[in-house]
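**Q** mind folding the following:
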Amino acid sequence: MEKLIIHGGRRLEGRVKISGAKNAVLPIIAATLLGQDTVSLLDEVPALEDVTTITEVLNRLGVEAAFDAEKHQLRVDARRIGSCEAPYDLVRKMRASFLIMGPLLARCGKAKISLPGGCAIGTRPIDLHLKGFEALGAKIEIGHGFIEASAPEGLKGTRIYLDFPSVGATENILMAASMAEGQTILENPAQEPEIVDLANYLNVMGAKIRGAGTNVIKIDGAPKLVGAAAMTQGDIYVENAISEHLKPVIAKLKEAGVTIEEDVDGIRVRCDKKTKAVDIKTMPYPGFPTDMQAQFMAMLTISEGTGCVTETVFENRFMHVDELKRMGANIRIDGRTSVVEGVDKLTGCQVKATDLRAGAAMVLAGLVAEGETQVGYIHHIDRGYDDLVGKLVGLGADIQRVDR
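**A** Alright, predicted model coming up:
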């Protein structure tokens, strides 16, 4: 089993460009299924296990998809789709595989998907996806371990209100409605930057989507979409950062005493003293992102004072707490809130990445801990971070990947 070996205490300095964001690239890859007549070519695709998995899913559907990890390019020829059924052995690895249902419904009029898998951070209900498909005219059948949808008469535009601004449901409905007959109005959609990225890509393919990033999206169905070329740039960079997307994160870092300098080339982050404790509460975009909760908790473990971390998006996203406590953190959980009292130091030991973002938190904790930290279950980290070790080594970290 591979592990990360980290020797903490080194100051990190330099410049680094973060790879494209997983949450932005995966729905765009799913959207290539809508491309007819021409081939799609995606640049700046991060070399992640999830990208490899969804590429395999496309191949199992009879689509010609090839990912060049060295060039960070993905070529998809979806002019012919041979199957509308995604196999369990692949879908169970990654919940985002469910994003192919919307494109398949739009393109083929049917789809059969195994119940999704992925990080074990609690239930991620797909009922909003299914309600959206039903509103568009699809018939849904739920069997043992699978979901089948069909629209023999085609999808029809309609008005859809999401009870919760689900990112995945918004993306799936956008893709399905892009080829539905008539206009679809989607109210209370997710407003994350990756929604805007997907809408922009679909529009390049010939879709007619307006209002992405707002609380009402209008989609005028197009009879046919074509393959397209695009650069799937992520939302979180150090160089070429889009600070507009990071407002709550930047605000909390500043509150903690971190110096943030924003300019046209990116964001500079400096801190030459102990950070101060802050309170955070995760919320749908544009609130504080749940995907930064674990990393901030790692920072709070050695901050001055006591901070509260309230998780409102996923009910089981505190599994990293026990791992941080193994390193000497002082944390207690009260329902959906973790109270973190800063300690003088963390001590390296054997820990595990319980999910993708928790893995990043354990790496951060290891970078500041005394002694050696061994992080196991790093397949979770590989799902969402492209060359994390290489980037950190380039900044001066003492971290290596070993097979033990």
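**Q** give the buried residues for stretch 350-362.
**A** 351, 352, 353, 354, 355, 356, 357, 358, 359, 360, 361, 362 (16 or more other C-beta atoms under 10 Å). The way it works is simple: take the backbone N, C-alpha and C, and place the C-beta from them, glycine included.
**Q** how about the helices of the stretch 301-404 of the chain, start to end?
**A** For the stretch 301-404 of the chain, helices defined by DSSP state H, counting those that start in this stretch occupy the ranges 320-326, 356-368, 379-384, 388-394.
**Q** the residue lying farthest from the centre of the chain: what's it in contact with?
**A** With distances taken as C-alpha atoms, centre = their mean, the residue sitting farthest from the centre of the chain turns out to be residue 153, at 33.5 Å. Neighbour list for residue 153: residue 137 [criterion: C-beta atoms under 8 Å, 6 or more residues apart in numbering].
**Q** and the helices of the stretch 301-404 of the chain: which comes nearest residue 215?
**A** helix 356-368 (26.5 Å; C-beta to C-beta).
**Q** could you say what helices and strands the closest one packs with?
**A** On a contact count with 3 or more C-beta pairs under 8 Å, 6 or more residues apart in numbering; DSSP states H and E, helix 356-368 meets strand 2-7, helix 293-300, helix 320-326, strand 350-352, strand 372-376, helix 379-384, helix 388-394, strand 398-403.
**Q** out of these, which is closest to residue 115?
**A** For the helices and strands packed on helix 356-368, the distance to residue 115 is smallest for helix 379-384, at 18.4 Å, taking C-beta to C-beta.
**Q** now tell me what touches that closest one from outside.
**A** Identification of contacts with helix 379-384 by C-beta under 8 Å, 6+ apart yields 2, 4, 22, 48-50, 94, 119, 353-360, 363, 375, 388.
**Q** about what we covered before: quick one: closest of the helices of the stretch 301-404 of the chain to residue 16.
**A** helix 388-394 (5.2 Å).
**Q** if you count neighbours, what's buried in that closest one?
**A** 388, 389, 391, 392.
**Q** contacts only, for the third one.
**A** Under the criterion of C-beta under 8 Å, 6+ apart, the contact list for residue 391 reads 16, 18.
**Q** and stretch 259-275, end to end?
**A** Using C-alpha to C-alpha, to the nearest Å, the end-to-end distance of stretch 259-275 comes out at 10 Å.
**Q** re earlier: out of the helices and strands packed on helix 356-368, deepest packed?
**A** With neighbours taken as mean count of other C-beta atoms under 10 Å, the helices and strands packed on helix 356-368 reach their highest mean count in helix 293-300, at a mean of 25.
**Q** how far does that helix sit from the chain's center?
**A** Remark: helix 293-300 is offset 17 Å from the chain centroid, using C-alpha atoms, centre = their mean, to the nearest Å.
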